[in-house]
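>>> Structure here, sequence nowhere to be found:
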């Protein structure tokens with residue numbers, strides 16, 4: 001899936017809503033592509049989905065999103081924790097973003 005925006009963000013808060021859906025509010029630390037129209041990322045707390053994943057307050061994530069929808073984190077999405085991507089992966093994303101400028 002092609003993303004409209006990509007950014008490095010840090011989770012500031014998480015709110016548990018209906019049906020185990022968690023809405024995570026992030027602060028954008030670095031923009032890599034496009035302009036994010038939301039700083040929220042969703043995940044399902046009690047999902048039976050094989051792709052289920054979660055976010056942790058204070059952790060950093062690289063978020064890939066489409067304008068008009070709230071991104072979701074899962075092992076099947078592009079959104080990943082900085083720990084999963086690693087410093088080398090982040091450097092590669094930053095290089096690609098700088099080439100587009």
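It's in. Just so you know, these numbers come straight off a predicted model, no measurement behind them. Numbering: from 1, shown residues only.

>>> can you give me the mean pLDDT across stretch 86-94?
Computed over stretch 86-94, the mean pLDDT rounds to 82.

>>> gap between it and the chain center?
For stretch 86-94, the distance from its own C-alpha centre to the chain's C-alpha centre is 15 Å (CA atoms, centre = their mean, to the nearest Å).

>>> Please point out which parts of that stretch sit buried.
90, 93 (16 or more other CB atoms under 10 Å). (Glycine included, C-beta is placed from N, CA and C.)

>>> what comes into contact with that stretch?
Contacts made with stretch 86-94 from outside it, assessed by CB atoms under 8 Å, 6 or more residues apart in numbering, are listed as 6, 8, 30, 32, 62, 82, 85.

>>> try 10 Å
When contacts are defined by CB atoms under 10 Å, 6 or more residues apart in numbering, stretch 86-94 is touched by residues 6, 8, 30, 32-33, 60, 62, 64, 80, 82, 85.

>>> Please apply the same query to stretch 14-25.
9, 11-13, 38-47, 54-57, 59, 61, 63, 70-73.

>>> which residues of this structure fall in helices?
In chain order, the chain shows helices spanning 82-100, with DSSP state H as the criterion.

>>> any idea how far the one residue sitting closest to the centre of it is from residue 83?
Centrality entry for the chain: nearest residue to the mean C-alpha point is residue 63, 2.7 Å, by CA atoms, centre = their mean. In this structure, residue 63 lies at 14 Å from residue 83, with CB to CB, to the nearest Å as the measure.

>>> repeat for residue 56
Here the criterion is CB to CB. By it, residue 56 lies 10 Å from residue 83.

>>> Same question for residue 10.
Using CB to CB, residue 10 is found at 12 Å from residue 83.

>>> Please apply the same query to residue 64.
Counting by CB to CB, the gap between residue 64 and residue 83 amounts to 16 Å.

>>> Compare those two and say which is more crowded by neighbours.
Ranked by neighbour count (other CB atoms under 10 Å), residue 64 and residue 83 place residue 64 first, with 22 against 10.

>>> isn't the more buried one right next to residue 5, touching?
Yes: when contacts are counted by CB atoms under 10 Å, residue 64 is listed as touching residue 5 (7.7 Å).

>>> residue contacts, residue 12?
For residue 12, the contact set (CB under 10 Å, 6+ apart) comprises 24-27, 39, 57-58.
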